[in-house]
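>>> Here's my sequence, what's the structure:
(one chain, ligands or ions: 1)
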Amino acid sequence: MSTSAIVQERRSEAQPRPDSSVAAASPVAGSGSYRHWRLDKDAEGIVWLTFDKAGTSTNTFSKDVMEELVAIINRLGAEKPKGLVIRSGKESGFIAGADVEEFTQIEHVEDALAIVRRGWDAFNALAALPFPTLALVRGFCMGGGVELALACRYRIAVDDPATRFALPEVMLGILPGWGGVHRLPRIVGPSAALDMMLTGRSVDARRAKKIGLVDDCVPPRVMENAARITILESPRPHAPPLLQRLQNGPLKSVVAALARKQVERRAPREHYPAPYAILELWQKYDGDPFAPPPHDPASIAYLIQHPTAKNLIRVFGLQERMKSLGKASDFQAKRVHVIGAGTMGGDIAAVCVLRGLTVTLQDTASERIAPAVKRAADLFGRRLRDKLRVRDAMDRLIPDVNGDGVAHADVIIEAIFENLPVKQELFAKTEARAKPDAILATNTSSLKLADIGAKLKDPSRLVGLHFFNPVPQLQLVEVVSGSATNPEWPKKGAAFVRQIDKLPLPVKDSPGFLVNRVLGPYMVNAFRLLDEGVKAETIDKAAEQFGMPMGPITLADTVGLDIVAAAGKTLAGAAAVPPKRLEELLKAGKLGKKTGEGFYRWEKGKPMKGPADAVTDDLIQRIIEPYLAEAKEAVEEGIVADADLADAGLIFGTGFAPFTGGPLNYAKEKAQPLSVSR
Ligand code: NAI
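Residues are numbered from 1 along each chain as shown. Here you go, the predicted structure:
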């Protein structure tokens with residue numbers, strides 16, 4: 001079977017299939033009165049409740065959806081059918097959770113409490129139904145979706161790469177208040193439950209089975225039958241082993257103290273109160289969000305009034321906005337050709353393959369492609385965790401020294417080293433062989449699009465797709481338009497970026513685009529502080545204390561001092577005086593992590609740090625100020641469309657402290673401090 005046929009088959013598997021039992025089912029009388037839910041009863045008396053939210057492709061729990069669900073639960077409670085199966089009518093997945101839009105409209109604490117009350121009561125009513133209930137989950141199952149599933153007596157996951165369970169509330173600065181904190185630790189044990197709730201990490205269908213989150217994990221073709229049989233046989237619900245029961249009882253405080261220590265290492269309480277609230281709600285109040293008094297830091301009232309929740313919900317909204325910039329209707333690729341199998345090209349190719357695309361990977365010799373293929377195999381192994389899927393993925397990654405893939409590709413991405421004449425020649429040749437509707441993209445960090453495209457017959461075709469290193473981890477891709485670029489191409493570029501599940505940020509062609517431009521002065525400033533005698537450790541600690549994921553000195557060592565210096569020259573001009581210590585290290589060939597020494601000595605991939613001096617607020621401000629100033633200037637120059645998109649790009653591209661809502665939001669709020677009560 002050809003690789004494209006395999007892809008085709010996978011795609012068709014993702015469509016809902018008619019099921020024999022439900023084909024025989026008939027609508028429950030009066031079921032037409034619901035806008036978002038459909039009720040069918042099969043010959044065995046099982047009610048199939050299909051969630052198919054009206055007017056949207058994704059199921060979310062908004063107020064009207066919940067009201068209908070409560071009415072249905074009450075009705076079924078009175079009718080007492082043989083059993084109830086809840087499933088999704090959407091191709092996109094099961095349930096994405098609460099309608100976050102409603103959270104953005106919260107004006108008073110009471111509004112937030114009303115939302116929590118609605119879900120808490122509804123799922124308690126579902127859990128109390130006196131007959132077997134089952135959630136049949138295929139595709140994503142997030143937040144309230146998981147909480148609905150937890151309130152059912154049984155859960156079955158469909159073994160599909162798209163099936164994932166997560167409680168991501170912590171990422172919004174809130175907590176799973178619809179029963180998640182109450183039920184998940186009882187079902188999977190506190191360790192696995194806290195891991196999910198405190199990090200927001202998702203688990204796939206097989207892992208969900210392993211930890212006991214679902215009772216079964218079945219292939220798509222038998223899913224409806226598996227649900228039916230479970231309801232009819234009604235086995236004893238999954239009971240956690242003794243150790244988990246102890247951890248949920250007498251050992252609770254030990255488990256909570258360990259988890260708290262881990263959280264403290266990652267997220268200071270003053271910036272991120274939600275993980276601490278989750279722990280306390282579980283430990284002291286058994287997950288009942290209405291048990292703590294309103295001033296208690298474990299309460300919804302406290303969390304929702306904390307500026308972090310507002311800012312994290314803002315970041316979620318910005319992420320959604322970036323997603324909406326790439327529309328599948330504008331462009332869809334099947335084949336990608338990547339030129340240059342180095343650090344970037346190799347990983348870009350691997351990420352495209354992971355998203356189901358077929359990729360030809362070109363370099364000057366096959367020995368240069370081999371390391372990229374090896375790296376890709378490791379990545380597939382880690383991400384796909386299934387031999388067959390890894391094999392299929394490897395089949396889709398095709399080494400191509402002759403560049404034959406150019407003629408068949410829908411997207412061609414150049415990621416060869418930063419050399420203008422070579423890139424110009426390469427694009428001229430590539431254009432001659434490429435399909436007329438293929439995207440021609442460069443991953444350049446520092447060259448101008450207009451220069452790279454100078455030898456093209458149609459320079460308006462060239463776009464920049466600027467990925468960040470490491471590509472598999474970093475979500476942002478800057479979609480660059482040059483002065484000559486026809487706006488249709490960046491639109492298609494953004495659609496492609498979404499297709500590979502990254503976040504597109506449209507930027508204008510200008511040195512450093514947005515992200516590197518803002519990082520440049522921030523890093524140079526840090527190097528100058530170092531030259532003034534401030535310890536590297538102290539600078540890094542100050543930045544981390546502010547909320548950066550990594551200090552600027554460690555960041556420079558990680559990226560490589562040669563790359564940092566080259567980017568600095570492009571941004572500041574060759575005439576700028578280079579920082580002294582940086583120059584010394586470059587001369588000595590000490591380029592950071594990759595050579596084992598830079599500003600720090602590196603052992604086993606870790607910087608060997610000495611003690612830091614005391615960090616003052618003044619120092620923090622001195623470190624952050626150039627970042628804020630440059631971000632503001634980039635917006636004023638129109639490098640990005642507006643301040644919100646700049647905030648989004650800088651959070652997802654550089655990890656700028658998310659609890660601030662982004663650098664420009666932070667600067668604005670610093671000028672006008674947030675009022676805590678809303
Ligand atoms: P690299 O040096 O790791 O890889 C470049 C690869 O291109 C090498 O394998 C080389 O053999 C190959 N190559 C050179 N000329 C070629 C040709 N004519 N045809 C086919 N292959 C050829 O470089 P890296 O770091 O992956 O950078 C590539 C591009 O990505 C550059 O434009 C760089 O500015 C950009 N970039 C780099 C980032 C990084 O952190 N390394 C981040 C974002 C963009």
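>>> what are the phi and psi values for E44?
Main-chain torsions, E44, degrees, to the nearest 10: phi -90, psi 10.
>>> I figured it hits R228, correct?
Yes - distance between E44 and R228: 7.0 Å, which falls inside the contact criterion (C-beta atoms under 8 Å). (C-beta placed from N, C-alpha, C; glycine too.)
>>> out of these two, which sits in the more crowded spot?
Comparing E44 with R228 by neighbour count (other C-beta atoms under 10 Å), the higher total belongs to R228, at 23 against 14.
>>> Which pLDDT does the model give that one?
You'll see R228 listed with a pLDDT of 98.
>>> V47 is in contact with that one, correct?
No - contact status for R228 versus V47: not in contact, 11.7 Å apart, counting by C-beta under 8 Å.
>>> where do the contact lists of these two overlap?
Taking C-beta atoms under 8 Å, 6 or more residues apart in numbering as the contact rule, R228 and V47 both touch V85.
>>> Could you report the distance from the residue of the chain found nearest the ligand to L426?
Of the residues in the chain, the one nearest the ligand is G342, at a distance of 1.7 Å by C-beta to the nearest ligand atom. As judged by C-beta to C-beta, to the nearest Å, G342 and L426 stand 14 Å apart.
>>> Compare these two and say which one has the larger neighbour count.
Taking G342 and L426 together and counting by other C-beta under 10 Å, L426 has the greater number of neighbours (20 against 14).
>>> Tell me the secondary structure of the more buried one, please.
Under the three-state scheme (DSSP: H, G, I helix; E, B strand; the rest coil), L426 adopts helix.
>>> That one is in contact with I416, isn't it?
Yes - using C-beta under 8 Å, L426 makes contact with I416 at a distance of 6.7 Å.
>>> Pull up the overlap in contacts between these two.
Overlap of the contact sets of L426 and I416 (by C-beta under 8 Å, 6+ apart) consists of I339.
>>> Contact partners for the residue nearest the centre of the chain?
Of all residues in the chain, the one closest to the mean position by C-alpha atoms, centre = their mean is Q475, 7.0 Å from it. Each residue near Q475 by C-beta under 8 Å, 6+ apart is listed here: K502, L503, F652.
>>> rerun that using 10 Å as the cut-off
Shown in contact with Q475 (C-beta atoms under 10 Å, 6 or more residues apart in numbering): Q319, M322, F468, V497, D501, K502, L503, P504, I651, F652, G653.
>>> go on, R207?
In this structure, R207 makes contact with A157, R164, F165, A192, L213, V214, C217, R385, judged by C-beta under 10 Å, 6+ apart.
>>> Quick check: beta-bridge partners of the third one?
Looking back up the chat, that one is F165. Each beta-bridge partner of F165 is listed here: C141, V203, as defined by DSSP bridges.
>>> what ranges do the helices span in the stretch 101-250 of the chain?
109-127, 144-151, 180-188, 190-199, 205-211, 223-233, 242-247 (DSSP state H, counting those that start in this stretch).
>>> er, the stretch 451-600 of the chain I mean
With DSSP H, counting those that start in this stretch as the criterion, the stretch 451-600 of the chain has helices spanning 488-499, 515-531, 536-546, 552-559, 561-572, 580-587.
>>> now the angle from the last one to helix 536-546?
Interaxial angle, helix 580-587 versus helix 536-546 (axes from the mean of the first three to the mean of the last three C-alpha atoms, to 10 degrees): 110 degrees.
>>> Now do the buried residues in the following helix or strand past helix 580-587.
Following the chain from helix 580-587 toward its C-terminal end, the next helix or strand by DSSP states H and E is strand 601-603. Of the residues in strand 601-603, those buried under the neighbour-count criterion (16 or more other C-beta atoms under 10 Å) are W602.
>>> starting at the chain centroid, how far to strand 601-603?
Using C-alpha atoms, centre = their mean, to the nearest Å, the mean C-alpha position of strand 601-603 is found 30 Å from that of the whole chain.
>>> Give the next helix or strand downstream of it.
Next along the chain after strand 601-603, taking DSSP H and E as the criterion, comes strand 606-608.
>>> just checking, what packs against the following helix or strand past that following strand?
On the C-terminal side of strand 606-608, the nearest following helix or strand under DSSP H and E is helix 617-636. Helix 617-636 is packed against helix 515-531, helix 536-546, helix 552-559, helix 643-654, helix 663-671, with contacts defined by 3 or more C-beta pairs under 10 Å, 6 or more residues apart in numbering; DSSP states H and E.
>>> could I get these as JSON lines with distance to W602 and mean pLDDT?
Formatted as JSON lines, the helices and strands packed on helix 617-636 follow (distance: least, C-beta to C-beta, whole Å; pLDDT from 0 to 100):
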{"stretch": "helix 515-531", "distance to W602": "17", "mean pLDDT": "95"}
{"stretch": "helix 536-546", "distance to W602": "13", "mean pLDDT": "96"}
{"stretch": "helix 552-559", "distance to W602": "7", "mean pLDDT": "94"}
{"stretch": "helix 643-654", "distance to W602": "21", "mean pLDDT": "96"}
{"stretch": "helix 663-671", "distance to W602": "29", "mean pLDDT": "92"}
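>>> Does the closest residue in space to R498 that isn't next to it in sequence belong to a helix, a strand or coil?
Nearest residue to R498 in three dimensions, chain neighbours excluded: G326, at 3.3 Å (C-beta to C-beta, 6 or more residues apart in numbering). Three-state call for G326 (three-state DSSP): coil.
>>> Quick one, grab the pLDDT at G326.
Each residue has a pLDDT score; the one for G326 is 95.
>>> Give me the distance between it and V477.
To V477, G326 is 9 Å away according to C-beta to C-beta.
>>> just G145 next, same as before
Taking C-beta to C-beta as the measure, G145 falls 28 Å from V477.
>>> Check P168 too.
Going from P168 to V477 by C-beta to C-beta gives 22 Å.
>>> Among the two, which residue is more densely surrounded?
Per other C-beta under 10 Å, whichever of P168 and V477 has more neighbours is V477, with 29 against 20.
>>> Hmm, that one is touching A495, no?
No - contact criterion C-beta atoms under 10 Å: V477 and A495 do not qualify, at 11.8 Å.
>>> any shared contact partners between these two?
Both V477 and A495 are contacted by G326, P504, under the criterion C-beta under 10 Å, 6+ apart.
>>> Taking the contacts of Q475, please make a PyMOL selection of just the buried ones.
Provided next is the PyMOL selection string for whichever of those are buried by 16+ other C-beta under 10 Å:
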select buried, resi 322+468+497+502+503+504+651+652+653
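>>> For H337, give me its contacts.
Residues counted as contacts of H337 (C-beta under 10 Å, 6+ apart) are 349, 352, 358-362, 398, 400, 403-414, 430, 433-434, 438.
>>> of those, buried ones?
Here, 16+ other C-beta under 10 Å leaves 349, 352, 358-362, 398, 400, 403, 405-406, 409-414, 430, 433-434, 438 buried among these.
>>> filter the residues you listed down to the ones close to the ligand.
Of the residues in the buried ones among the contacts of H337, proximity to the ligand by C-beta under 6 Å from any ligand atom holds for Q362.
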